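Student: sequence unknown, structure follows:
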């Protein structure tokens, strides 16, 4: 149960205000067009698509994080599987909304559907991504729905029944982020994206930010409810994050070496991102902040001393969330367009309108998650308590 | 996603109408349906521009595959092609949309990667000494990456080689713009504006008819002209005779002669998009 009703009310009101702000900004964008954004022909994707990439990663990692709990029966993690699956649902919804607000004609979205529309399968990777994301949404809705139903009946849920679905969700989680990476790495016109390292890097960085978000969510849940989440579980997650950051930094190093050592013209976007190009430095401070944050978080999560202390662990989590958000958001999408295919440098920075719409989407996600957790906690706690009684 | 999209408010630029909302993909419509749609679109255009705009749906000519040649030795960088195209194809004047970009490059410097190309040059007189010019527009690739990535098949390659967009089917995701290696695709970031006395009333459904906010557009080799045997506007307007156009399937055509007798090359051949737009040097 959320103990503090007042705090809950304030939190909900705060989110609703942000959602309204987002809706107002979106309504304006629908009226005047995407000219309200900073995107132009040269940089035709921006903050919305960055946000989409980041949250697909969160969705994938939220489930992959909890899967070992099922398979290896790591008890402390197992208790919190449900919260990971719910996070995956919310992250997918945020990702899908981020694409919808980016569309010039969202009302024509049905054109992408099979039969009534003209789905370009299998050629368009965006179609693959839509299929995988929606499939993932359904899988997790079924898993969560089943757990909710059984818990509300006061029964332990029967793992054997959902086992095939859980097994399926593992490769499926990988597939959603791989197909997101392929949306970009399949684009031959943009050398910055057209790299085979992209999919593995996406997965690695997803394993940094996704679980870090879950670390914070778990602590909030245990603070405001009776659900007990052991520190041991948190520290285990933190350890996993350390390995993920290590791999992510290694892959980044591999990319940097290849581009700068071989030194072909294809290094221009990376040059722009890290060192500036022809006097244009807009993203340079940001990408170095990201690198600094990710490296610091790596150290904090790697050393048992700092990893197993809540304060330093939380600092690490915050750093890696921000670091990865920059790195695979604007630090990934924008340099793909700079310089553009005809050699022009158009510097992009999101407008207030883009920020407001994006924040509105985040707030909607947070609201959805809060409500799901609020619905889950009473039944969850009741089930746990009765299960404990039985075992005694 | 589909249902969520349907519930979202429609762009204020278009009043809601069932026939507009449920309009089928161009290639799925019968000739009869196309006629009906065109009638509705013409009525809308009349309302918007207070002028009778005719929209044709002329089909590709059999035995024709268009090809384009650009003589870099002759191009003087005057950009008459750019503005000729703007007028012919009803491109938005505000914000400005241009289907042709003329790049100014310094002689003796690297230029194949186009980094350092200047698009916004503004000298008193062209051509400038020490510089040469490379006009770039849609290369009408044999294997167009933009068509491959489109999630709704709103863009495709016609039998006569022209890559077209159905402006009523495009959802505006702009994946094609990310995929195009030639910067040939342009998005209507706001409602395109053209003053009614400047509008070209002779239009094609897949070409220069009035467009909407939020859709992608591109060069169509002036489909409204070339399918009835005329030259594209850019070819006609070029004062230096740098632009050649013709039927690649006709061995006697000017473009075939150029390909056979000149040293031709195509932009970014390493990407294997196989443009049907050939650059060459006559001197």
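Tutor: Arrived safely. Being a predicted model, the structure only gives us computed values, none of them experimental.

Student: which residues in the stretch 101-250 of chain B form strands?
Tutor: With DSSP state E, counting those that start in this stretch applied, the stretch 101-250 of chain B shows strands at B:101-106, B:131-136, B:155-157, B:163-165, B:186-187, B:202-204, B:216-217, B:243-247, listed in chain order.

Student: columns mean pLDDT, mean neighbour count and distance to chain A on top of these, output as CSV?
Tutor: C-betas here are computed from N, CA, C, even on glycine. Converted to CSV, the strands of the stretch 101-250 of chain B look like this (pLDDT from 0 to 100; neighbours: other CB atoms under 10 Å in any protein chain shown; distance: least, CB to the nearest CB, whole Å):
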stretch, mean pLDDT, mean neighbour count, distance to chain A
strand B:101-106, 96, 20, 6
strand B:131-136, 96, 20, 6
strand B:155-157, 98, 20, 10
strand B:163-165, 98, 24, 12
strand B:186-187, 98, 24, 5
strand B:202-204, 98, 20, 21
strand B:216-217, 98, 26, 8
strand B:243-247, 97, 22, 19
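
Student: which one, of those strands, ends up nearest to residue A:51?
Tutor: Comparing those by their distance to residue A:51 (CB to CB), the top pick is strand B:186-187, with 19.2 Å.

Student: give me the residues contacting the closest one.
Tutor: With contacts defined as CB atoms under 8 Å, 6 or more residues apart in numbering or on different chains, strand B:186-187 is touched by A:34, A:41, A:44, A:104, B:97-99, B:172, B:174, B:177, B:214-218.

Student: flag the shaky bits of the stretch 251-392 of chain A, pLDDT-wise.
Tutor: A:381-392 (pLDDT under 70).

Student: tell me the residues of it that contact chain B?
Tutor: Taking CB under 8 Å from any CB of the partner chain as the measure of proximity, the stretch 251-392 of chain A contacts chain B at A:265, A:268, A:278, A:336, A:337, A:339, A:340, A:341, A:342, A:343, A:344.

Student: export the residues you listed as CSV, with columns for distance to residue A:247.
Tutor: As requested, those are arranged in CSV below (distance: CB to CB, whole Å):
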residue, distance to residue A:247
A:265, 29
A:268, 26
A:278, 33
A:336, 22
A:337, 27
A:339, 30
A:340, 32
A:341, 32
A:342, 36
A:343, 34
A:344, 35
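
Student: check whether the helix ranked longest in chain B comes near chain A.
Tutor: Counting residues, the longest helix found in chain B (DSSP state H) is helix B:31-49. No - in this structure, helix B:31-49 remains apart from chain A according to CB under 8 Å from any CB; the gap is never smaller than 14.9 Å.

Student: follow-up on the earlier one: go through the strands of the stretch 101-250 of chain B and name the closest to residue A:214.
Tutor: Nearest to residue A:214 among these is strand B:186-187; the distance by CB to CB comes to 37.2 Å.

Student: how far is that closest one from where the chain is centred?
Tutor: With CA atoms, centre = their mean, to the nearest Å as the basis, strand B:186-187 stands 10 Å off its chain's centre.

Student: with stretch B:244-253 instead?
Tutor: That offset, for stretch B:244-253, works out to 20 Å (CA atoms, centre = their mean).

Student: and if you look at stretch A:231-246?
Tutor: Computed by CA atoms, centre = their mean, the separation of stretch A:231-246 from the middle of its chain amounts to 17 Å.

Student: again, but for stretch A:40-48
Tutor: So, by CA atoms, centre = their mean, the centroid of stretch A:40-48 is 20 Å from its chain's centroid.

Student: any residue of that stretch touching chain B?
Tutor: Yes - under the criterion of CB under 8 Å from any CB, stretch A:40-48 makes contact with chain B via A:40, A:41, A:42, A:44, A:45.

Student: cool, stretch A:7-25 as well?
Tutor: No - figure legend: stretch A:7-25 not in contact with chain B (CB under 8 Å from any CB); closest approach 10.0 Å.

Student: can you check the pLDDT for the spatially closest residue to residue A:117 that is not a sequence neighbour?
Tutor: Nearest residue to residue A:117, sequence neighbours excluded (CB to CB, 6 or more residues apart in numbering or on different chains): residue A:111, at 4.3 Å. Per-residue confidence (pLDDT) for residue A:111: 97.
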